[in-house]
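Engineer: Have a look; sequence and predicted model below, questions after that.
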Amino acid sequence: MQAISFNVDSDSAIKLHNVTAGYERNIVFSDLSLEITSGQFAGIVGPTASGKSTLLKIILGTHPVMSGAIHLSTRSIEKAPPRTIGYVPQLDSVDWSFPITVEEVITMGLHDSGRIWPWPSRAERNRVNELASRLGVYDCLRQHIANISGGERQRAFLARALINNPRLLVLDEPTSGVDIKTQHEVLHLLGDLNSEGITVLLTTHDLNAVASHLPWVICFNKGIVAQGRPYDIFTNEILTKTYGGDIVIVKYDGHFLIANSTPLHFRDRHP
Ligand SMILES: Nc1ncnc2c1ncn2[C@@H]1O[C@H](COP(=O)(O)OP(=O)(O)OP(=O)(O)O)[C@@H](O)[C@H]1O
C-alpha cells in the first residue's frame with residue numbers, strides 16, 4: 001500500500017510515519033518514523049544492505065511502502081509533486097553503453113507535461129546550457145556519457161536532477177567512484193545548492209566526507225540508530241552499533257577522522 005500525501009502547511013520536507021517497507025517476504029525496516037526539515041542538508045550512512053536505497057526509493061515513490069504514511073512538503077510542489085524532487089541515482093546502476101550525450105542526459109530530466117513538441121524549447125535549451133555551465137560540464141555537452149570522467153558524470157546527473165528547479169534533492173551515493181578532490185567539489189556544490197534553499201538528502205559510505213561537509217547525519221541500519229550533528233553522532237558507540245565493526249575515531253583540534261579498522265601494528269602494541 002503506498003500512502004504519500006503532499007502536506008501544504010508543514011515545515012518538514014519529508015515525514016515518514018510508522019513506515020514498513022521491503023521486498024516480498026524480506027522486510028527491510030518496520031515502523032520507521034523520520035522527519036527531514038525543509039532546508040536540511042542530511043546524509044544517511046550505514047552498512048551495505050542496511051536499507052538506505054530502499055528508504056530513498058520509498059521517499060521518491062518508486063517503491064511502495066507495505067504500511068505507514070509518507071508526507072512530502074509542499075508549498076512549491078502542489079501542482080506536480082514528484083517532479084519537484086530531483087534525484088541522482090547510484091551511478092553504478094547506469095548502463096554507460098547506452099548511446100546518449102551529456103546534453104541528452106540533462107534534457108531527459110525535463111518533464112514533458114504541457115509541452116507541444118517532444119524536443120526542448122529555446123528556454124529549456126538555455127536552462128540546460130546554464131546548468132551545464134554552472135556544474136562545469138558545458139564543454140562536455142556533445143560528448144557521449146561513456147567518454148567523460150566519473151566526476152563529470154556525477155555533475156551531468158546532478159544537472160539532470162536540477163533541471164526542474166526541485167525544492168528537494170535526493171542523491172544515492174554521490175561520493176562513490178570519484179576521487180577525494182571530486183568528492184569535496186560535489187559536496188561543496190550540494191552545500192551551495194542547499195544554501196539557496198534546496199533540501200538535500202543523500203546516502204554515502206564516506207563518513208569522513210559527511211563529518212567535514214554535512215550538518216546532519218542519520219546512522220541507519222534497518223532503522224535509525226542515531227541522528228544529529230556528525231560531531232555528536234560519530235562516537236565509537238554509535239558507529240559500532242551501526243556497523244558492528246572495529247571503528248576508530250581520532251578527534252583533534254575540532255576535526256576528526258574515522259578509520260574502519262585499527263592498523264595491525266597498533267593492535268600488536270595495544271592488544
Ligand atoms: N529489488 C529488490 N528486490 C529484492 N530485494 C532487494 C531489492 N533491492 C534491495 N533488496 C534487498 O533489500 C535490502 C536493503 O537493500 P538496499 O539496497 O536498500 O541497501 P543499501 O543500504 O542501500 O545497500 P548499499 O549500501 O550496498 O547500496 C538488502 O537485503 C537487499 O538485498
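Structural biologist: Structure's in. What do you need? Keep in mind that what you see is a predicted model, and the values were worked out from it rather than measured. Numbering: from 1, shown residues only.

Engineer: Check the average confidence over stretch 169-178, would you?
Structural biologist: Averaging pLDDT along stretch 169-178 yields 90.

Engineer: distance between the ends of it?
Structural biologist: Stretch 169-178 has its terminal residues 20 Å apart, counting by CA to CA, to the nearest Å.

Engineer: Pull the distance from it to the chain's centre.
Structural biologist: Using CA atoms, centre = their mean, to the nearest Å, the mean C-alpha position of stretch 169-178 is found 6 Å from that of the whole chain.

Engineer: Buried residues, that stretch. List them.
Structural biologist: Residues 169-176, 178 are the ones in stretch 169-178 that count as buried (16 or more other CB atoms under 10 Å). From N, CA and C alone the C-beta is placed, and that goes for glycine too.

Engineer: Stretch 137-152 too?
Structural biologist: Neighbour-count burial for stretch 137-152 flags 137-138, 140-141, 145, 148, 151-152 (criterion: 16+ other CB under 10 Å).

Engineer: May I see those organised as CSV, with secondary structure, pLDDT and distance to L162 added?
Structural biologist: Shown next, in CSV, are the buried residues of stretch 137-152 (DSSP: H, G, I helix; E, B strand; the rest coil; pLDDT from 0 to 100; distance: CB to CB, whole Å):
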residue, secondary structure, pLDDT, distance to L162
V137, coil, 94, 12
Y138, helix, 95, 14
C140, helix, 94, 16
L141, coil, 95, 15
I145, helix, 92, 17
I148, coil, 93, 18
G151, helix, 88, 16
E152, helix, 91, 15
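
Engineer: Pick the one among those closest to the ligand.
Structural biologist: Taking CB to the nearest ligand atom as the measure, the ligand lies nearest G151 of those, at 20.1 Å.

Engineer: burial count for the closest residue to the closest one other than its chain neighbours?
Structural biologist: Nearest residue to G151, sequence neighbours excluded (CB to CB, 6 or more residues apart in numbering): T182, at 3.7 Å. Here the number of neighbours of T182 (other CB atoms under 10 Å) works out to 17.

Engineer: so where does T182 fall, helix or strand?
Structural biologist: Assigned by DSSP states H and E, T182 belongs to helix 180-195.

Engineer: Which residues belonging to that helix are considered buried?
Structural biologist: Within helix 180-195, the residues that count as buried by 16+ other CB under 10 Å are 182-183, 185-187, 189-190, 193-194.

Engineer: all strands for this structure, in order.
Structural biologist: Using DSSP state E, the strands found in the chain span residues 4-6, 12-23, 26-37, 41-45, 67-72, 85-88, 168-172, 199-203, 216-220, 224-228, 248-252, 255-259.

Engineer: and of those, who's closest to the ligand?
Structural biologist: It's strand 12-23; of those, that one is closest to the ligand (CB to the nearest ligand atom) at 3.4 Å.

Engineer: I would like the residues contacting that closest one, please.
Structural biologist: 7, 27-40, 51, 54-55, 58-59, 63-73, 167-168, 199, 201 (CB atoms under 8 Å, 6 or more residues apart in numbering).

Engineer: what about 6 Å?
Structural biologist: The contact list for strand 12-23 (CB atoms under 6 Å, 6 or more residues apart in numbering) reads 28, 30-38, 54, 58-59, 65-73, 168, 199.
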